[in-house]
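Student: I would like to see how this sequence folds:
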Amino acid sequence: MFRSVGVIELKNVPKGVEATDDALKSAGVELVSAHPSCPGKYEIILTGSISNVTASVNHVTEKFENYVIDSSVMGRIDEQVITALFGTQKEAKKGALGLIETFSAASCIKASDLAVKTARVEIFDLRVSRGLGGKGVVLLTGEVGDVTAAVEAGANYAKGLGMLSASSVIPAPHADLWDQL
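Tutor: Numbering: from 1, shown residues only. Model (predicted):
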């Protein structure tokens, strides 16, 4: 089943908490996360059907218009991305390691989706905002050629938005590095 993801970033924590409550009450969506993302900002990530996520994001952006910094609805997100957002992805096979870091959660989620749809890679880890100053980072594994193609696709998307922070491909990471990731 294809699901969609909605991301809403607000200017302050109290209105962010209130907006999260409204988002959950306005349509049949599931909360992925809601938390302060950088000092003084609040981020909400929702998932569900495209119609429910769109309705929920639209409701919040209209009601909290003066507090919304940015919002995005992304449809037909690969299930691997949804699973990684919940932090429950399976142990990705080891091989080459690719990383894409972006300046926003929404751009990282979309870059991750494009990466896994471009080549045969697995998401090893996907982190957005918390502990990253509002940035997002995805770690991908697979064969070197696949990881390279996936990282290029995701990084080019983020670069086109002006949201790419950095990207890397490590063909054969040291065993000690894997233990630390």
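Student: Let me see the residues that make contact with the longest strand along the chain.
Tutor: What stands out as the longest strand in the chain, according to DSSP state E, is strand 68-77. Identification of contacts with strand 68-77 by C-beta atoms under 8 Å, 6 or more residues apart in numbering yields 2-11, 41, 47, 50, 53-54, 57, 60-61, 104, 106, 109-110, 113. All C-beta atoms are positioned from the backbone trio N, CA, C, and that covers glycine.
Student: again, only this time at 7 Å
Tutor: Strand 68-77 is touched from outside by 2-11, 41, 50, 53-54, 57, 61, 106, 109-110, 113, with contacts defined as C-beta atoms under 7 Å, 6 or more residues apart in numbering.
Student: List buried residues within those.
Tutor: 3-10, 41, 50, 53-54, 57, 61, 106, 109-110, 113 (16 or more other C-beta atoms under 10 Å).
Student: Go through these and flag which are in strands.
Tutor: 3-10.
Student: Would you mind putting those into a markdown table with distance to residue 165 and pLDDT alongside?
Tutor: Below are these laid out as a markdown table (distance: C-beta to C-beta, whole Å; pLDDT from 0 to 100):
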| residue | distance to residue 165 | pLDDT |
| --- | --- | --- |
| 3 | 26 | 81 |
| 4 | 25 | 90 |
| 5 | 20 | 91 |
| 6 | 23 | 93 |
| 7 | 17 | 91 |
| 8 | 21 | 93 |
| 9 | 17 | 88 |
| 10 | 22 | 91 |
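Student: isn't there a strand covering residue 14?
Tutor: No. Counting by DSSP: H, G, I helix; E, B strand; the rest coil, residue 14 is not part of a strand but helix.
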